[in-house]
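In: model the structure of this input:
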Amino acid sequence: MKSQSNMSFQDAVRGFMAGDFSRLAPLFDTPSDGLPCPVINWYEEGLFGSEPQALAEAFTCACFNGYTHVVEYFLARGINPSGGINTGLNAFHWAANRGQLKIVEILIQNNAPLETLNMYHGTVLGCTVWSAIHEPKPDQVRVIEALLKAGADVSAVEYPSGDDRIDELLKRYGATR
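Out: Got it, this is the predicted structure:
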């Protein structure tokens, strides 16, 4: 079956498994006819039934790209809020890395583990602080604060970070040299 973007399910699976999340973003857009997006259609058709790893990566892709409606849809159906980690970062790491504040808040509400390590041995907070310094995106400082409020371990972060705003926030939550 082809989606509105003419991508087959198997092409999408290959893309999810390769972490080609930016290119796959159109698969999460709601068509103008009001029907579900291609990824939700494929789920409802049962195509992910034989591809559980691809489903976890599709969830991670939705978190990466900030598709709140898809994230909520899959969480309501019991998907693991950590998603897949085929890229070395899980759904929570990617949402935080990309400054997807609303997604981060949803994942916190759904008890996604804060201290899961990525391939660089960084927690979600550590990944976000690194990203805010090296790959700044809007809302990353607010994401850092949301993670700290949720109980993320401030000692898992290199402090001082070199950014005064971030360092003040980390210090407020107990960071020491």
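
In: in a helix, residue 141, correct?
Out: Yes: under DSSP: H, G, I helix; E, B strand; the rest coil, residue 141 sits within a helix.

In: tally of neighbours for the nearest residue to residue 40 once chain neighbours are set aside?
Out: Leaving aside its sequence neighbours, residue 40 sits nearest to residue 73 (CB to CB, 6 or more residues apart in numbering; 6.0 Å). C-betas here are computed from N, CA, C, even on glycine. For residue 73, the tally of surrounding residues (other CB atoms under 10 Å) stands at 19.

In: my guess is residue 73 meets residue 39, correct?
Out: No: between residue 73 and residue 39 there is no contact under CB atoms under 8 Å: 9.0 Å.

In: does residue 86 touch residue 19 like I think?
Out: Yes: counting by CB under 8 Å, residue 86 sits close enough to residue 19 to count as a contact (6.4 Å).

In: overlap of the contact sets of those two?
Out: Shared contacts of residue 86 and residue 19, defined by CB atoms under 8 Å, 6 or more residues apart in numbering, are found at residue 57.

In: pLDDT score for the residue nearest to residue 40?
Out: Per-residue pLDDT puts residue 73 at 98.

In: please, which helix or strand holds it?
Out: With elements delineated by DSSP states H and E, residue 73 resides in helix 68-76, which encompasses its position.

In: what's in contact with whichever helix or strand comes after that helix?
Out: Sequence order places helix 91-97 as the next helix or strand after helix 68-76, per DSSP H and E. Helix 91-97 is contacted by residues 21, 59-60, 62-64, 66, 81-84, 87, 89, 100, 103-104, 107, 112-114, 116, 118, 122, 124-125, 127-128, 131, 135, 137, 140, 143, 147 when judged by CB under 8 Å, 6+ apart.

In: same question, stretch 101-112
Out: Contacts of stretch 101-112 with the rest of the structure, by CB under 8 Å, 6+ apart, involve 63, 66, 68, 71-72, 75, 81-82, 91-92, 95-96, 114, 139, 142-143, 146-147, 150.

In: and it, what's buried?
Out: Residues of stretch 101-112 classed as buried under the neighbour-count rule (16 or more other CB atoms under 10 Å) are 101, 103-108, 110, 112.
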